[in-house]
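Colleague: sharing a model that was predicted from the sequence below.
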Amino acid sequence: MNEEPDDAASRRAIAPVDVYSAASLPQPDLALYRKARAGARKTDEILVPPREGRCFRARAGQFFRITCTHGPQVGDLNLWNAHDLTERFYSGKTRALHRTHLSTGDRLWSSFPRLRPMATIITDTLAWYGVDEHGCSVHDVIGTRCDPYTQHLLAGTDYHHCCHSNLARALAAETGMGLSEAEAHVHDVLNVFMCTGFHRETGRYQMKASPVRPGDYLEFFAEIDLLGALSACPGGDCSTGHSSDEAACHPLKIEIFAPEHLPEGWTPPPRNGYSGRHGL
């Protein structure tokens, strides 16, 4: 059953094609966004403590920035429509439309049936990193988030400050929901500053020390009214592990900026135009 067939080489030699054409994907006008950003004033600042999570809000047309402040630290980001939590960041479709690791010009897309841009990355101070010799890069949408269930499965222990739990507590505190109700809204993340990839031989997900340093940041333009949550991962820079208190951890800063004028010609994107009939 596992013997290599005679035509194995020719099967492997077939050239791949992109699943989605990047040319047909609507492109943001970064010049217009940055023009609006130049005159923006800061309206809010949130400090996310180590091994904790905090929520923030950004209105459509505003900007939000996530900054490394004290030492190498990665963060797990969730986004929701501020008026309807059933519309949330869809990391899998974002990965398929863009790439495994996001950077300037890429967008964070929302879940079905809306499937529209929630936020656009306008500045990434780690864009220089590229893809290293291990096949790793930063800001991935392949990892799901560290969570207490996997921790218990693999180690048989309860750890309460995994990113999943941090995000659930933060959302519950922000909205007044019970913890179990809030947890149901926590979803797969953008791993901000995290350096990851797939092992070329085994295909296993791997991580290494983040190249982030104090002063580095990732900045977004909010395409719709957003409720966000960010966890300062218990793995610190994720150089050795996570889901424990062993790693050195640092806070992360979130800043909100309101422009004097919205980008010329910009309006919040409408929900996806599909009819929703599904053949019926």
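Modeller: Done, it's in.
Colleague: from now on I want contacts and neighbour counts done on CA atoms only, so please keep to that.
Modeller: Noted.
Colleague: helix, strand or coil for the nearest residue to L179 once chain neighbours are set aside?
Modeller: Among residues not flanking L179 along the chain, A172 sits closest, at 5.6 Å (C-alpha to C-alpha, 6 or more residues apart in numbering). Three-state call for A172 (DSSP: H, G, I helix; E, B strand; the rest coil): helix.
Colleague: check which helix or strand S10 maps to.
Modeller: According to DSSP states H and E, S10 maps onto helix 8-12.
Colleague: next SSE downstream of that helix?
Modeller: helix 30-38.
Colleague: what residues sit buried inside the next helix or strand after that next one?
Modeller: Using DSSP H and E, the helix or strand that follows helix 30-38 towards the C-terminus is strand 41-48. Under the neighbour-count criterion of 16 or more other C-alpha atoms under 10 Å, strand 41-48 has 47-48 buried.
Colleague: strand partners (parallel or antiparallel) of strand 41-48?
Modeller: strand 252-258 (antiparallel) (DSSP bridges).
Colleague: in this protein, which spans are strands?
Modeller: 41-48, 53-58, 63-68, 75-81, 84-88, 107-109, 117-124, 137-140, 190-198, 205-208, 217-222, 226-232, 252-258 (DSSP state E).
Colleague: picking up where we left off before, separation between the residue nearest to L179 and S165?
Modeller: Taking C-alpha to C-alpha, to the nearest Å as the measure, A172 falls 10 Å from S165.
Colleague: contact partners for the residue nearest to L179?
Modeller: The contact partners of A172, by C-alpha atoms under 8 Å, 6 or more residues apart in numbering, come to 178-179, 181-183.
Colleague: same deal with W109?
Modeller: 89-91, 93-94, 115-119.
Colleague: next step: the residues you listed restricted to helices.
Modeller: 91, 93-94 (DSSP state H).
Colleague: closest one to E3 among the strands of the chain?
Modeller: Set against E3 and scored by C-alpha to C-alpha, these come closest in strand 190-198, at 26.0 Å.
Colleague: who does the residue positioned nearest the centre of the chain form a beta bridge with?
Modeller: Centroid-nearest residue in the chain: L190, 1.5 Å away (criterion: C-alpha atoms, centre = their mean). Taking DSSP bridges as the rule, L190 bridges to L77.
Colleague: quick one: it from C163, how far?
Modeller: In this view, L190 and C163 are 12 Å apart by C-alpha to C-alpha.
Colleague: what do you get for H101?
Modeller: Using C-alpha to C-alpha, we find H101 at a distance of 19 Å from C163.
Colleague: more neighbours: the two, which one.
Modeller: Comparing H101 with C163 by other C-alpha atoms under 10 Å, the one with more neighbours is C163, at 30 against 24.
Colleague: rewinding a little: shared neighbours, A172 and S165?
Modeller: E183.
Colleague: stretch 257-271: how far from the chain's middle?
Modeller: In terms of C-alpha atoms, centre = their mean, to the nearest Å, the centre of stretch 257-271 is set 21 Å apart from its chain centre.
Colleague: what sits against A60?
Modeller: Shown in contact with A60 (C-alpha under 8 Å, 6+ apart): 222-226, 268.
Colleague: what's the closest of these to L154?
Modeller: Of these, the one sitting nearest to L154 (C-alpha to C-alpha) turns out to be L226, at 34.6 Å.
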